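Q: structure for this input, please:
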Amino acid sequence: MPDNSIKNTILAPMEGVIDAPMRARLTKLGGYSRCVTEFVRVTNVLLPERVFHRLCPELLTGGRTCAGTPVYVQLLGSDPATLARNAIRASELGALGVDLNFGCPAKTVNNSMGGSVLLRYPDLVGEIVKTVRDAVPAEIPVTAKIRLGYDNADALEQIVAGISDAGASELAVHARTKFDGYKPPAYWDRVKSALPASMKERSVINGEIWTVQDALAAVQRSSCPHIMLGRGALSAPDLAYRIRQGDKDAQPAPWETLVEEVLDQFLTSDCSSHRHIGNRTKQWLAYLKRTYPEASLLFKRLRTLHSVNEISSAFDDHRRYDLTSIQETIEAS
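A: Numbers count the residues shown, from 1 in each chain. As a prediction, this is how the structure comes out:
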């Protein structure tokens, strides 16, 4: 029987990794309730429509991926009024929700007063959420994503309370500080004590969720009914589907099936820039290696290649030699 303790699975906004083509690919595999775009960087101006369409082309298709999964537009910045103006523009363009980024740990972002550095200023975080919430139509959800804190989690309760009081529709918590980065573990338990009763049903846990078992443990230990997948989604693309099914023992999709997704990703969305051909594919394979040993073999074949023909041939050789050799070894054992 499926385990219903996880209500919704959200695809995380991984900058430079989970773009529109990847959102389309992952949501097609099933299990996701919603996606969030890479961040729209807001400084002190109202951005032109083309910026929103570039980062969220789904605005042209009803704000949903080709699988019908809703996509929220993510804003990153520190000026409440300008963020509100851009949130209004996003909603006017058809965004189904606006997400506010208080979690990005990148130094370049933090040095420009964006992302997780704002967690050092809980009052400003609350002001941003309230200003954006008051600006956009009531039917447009305004969500926020944070970490436990910047260099420590001392202000977590204050940050969460401020976001809740400001009227956020939902709060996602990456259960590590900025200085923890992505180093295991994620401190799921720390989130539980910080959530006010008003946020219990509107909270999302994120960080170190690689398997169905991890997802169930994260929800149980954090008291968040929803989860967000980032690196786990890339390392096991059908993870959200297996979580939705609730089968702890279900195995990831076979590599023979998944490698065709990787090839299609390369051919359809990784060849547009001659200077960067294959980069996104190599990046994805680096994540896939966690779940699939075969991904390491394919990565080695195309690591130094930079042309469509060479990389396509590497896929052929991988299927012809690597997978055949693996199958022969299995049959002989």
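
Q: where does the stretch 151-300 of the chain have low pLDDT?
A: Along the stretch 151-300 of the chain, no part satisfies pLDDT under 70.

Q: which stretches of it form strands?
A: 170-174, 203-206, 226-229 (DSSP state E, counting those that start in this stretch).

Q: now those strands in a markdown table, with mean neighbour count?
A: From N, CA and C alone the C-beta is placed, and that goes for glycine too. Output for the strands of the stretch 151-300 of the chain, formatted as a markdown table (neighbours: other C-beta atoms under 10 Å):
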| stretch | mean neighbour count |
| --- | --- |
| strand 170-174 | 26 |
| strand 203-206 | 26 |
| strand 226-229 | 25 |
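
Q: nearest to Asp317, out of those?
A: Of all those, strand 226-229 sits nearest to Asp317, with 31.6 Å by C-beta to C-beta.

Q: partner strands of the closest one and their direction?
A: strand 8-11 (parallel), strand 203-206 (parallel) (DSSP bridges).

Q: quick one: mean pLDDT for the first one?
A: Here the mean pLDDT over strand 8-11 is 98, rounded to a whole number.

Q: contacting residues around that strand?
A: Residues outside strand 8-11 that contact it (C-beta atoms under 8 Å, 6 or more residues apart in numbering) are 18, 23, 26-27, 31-36, 69, 172, 204, 215, 225-230, 233, 240, 243-244.

Q: and the next helix or strand past that strand?
A: Next along the chain after strand 8-11, taking DSSP states H and E as the criterion, comes helix 20-28.

Q: so which elements touch that next one?
A: Packing partners of helix 20-28 (3 or more C-beta pairs under 8 Å, 6 or more residues apart in numbering; DSSP states H and E): strand 8-11, strand 34-41, helix 255-269.

Q: before we move on, back to that, would JSON lines of the strands paired with strand 226-229 with distance to Leu124 be doable?
A: Conversion of the strands paired with strand 226-229 to JSON lines gives the following (distance: least, C-beta to C-beta, whole Å):
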{"stretch": "strand 8-11", "distance to Leu124": "25"}
{"stretch": "strand 203-206", "distance to Leu124": "21"}
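
Q: and Ala286, which of those is closest to it?
A: The minimum distance between Ala286 and these falls on strand 8-11, with 18.6 Å, by C-beta to C-beta.
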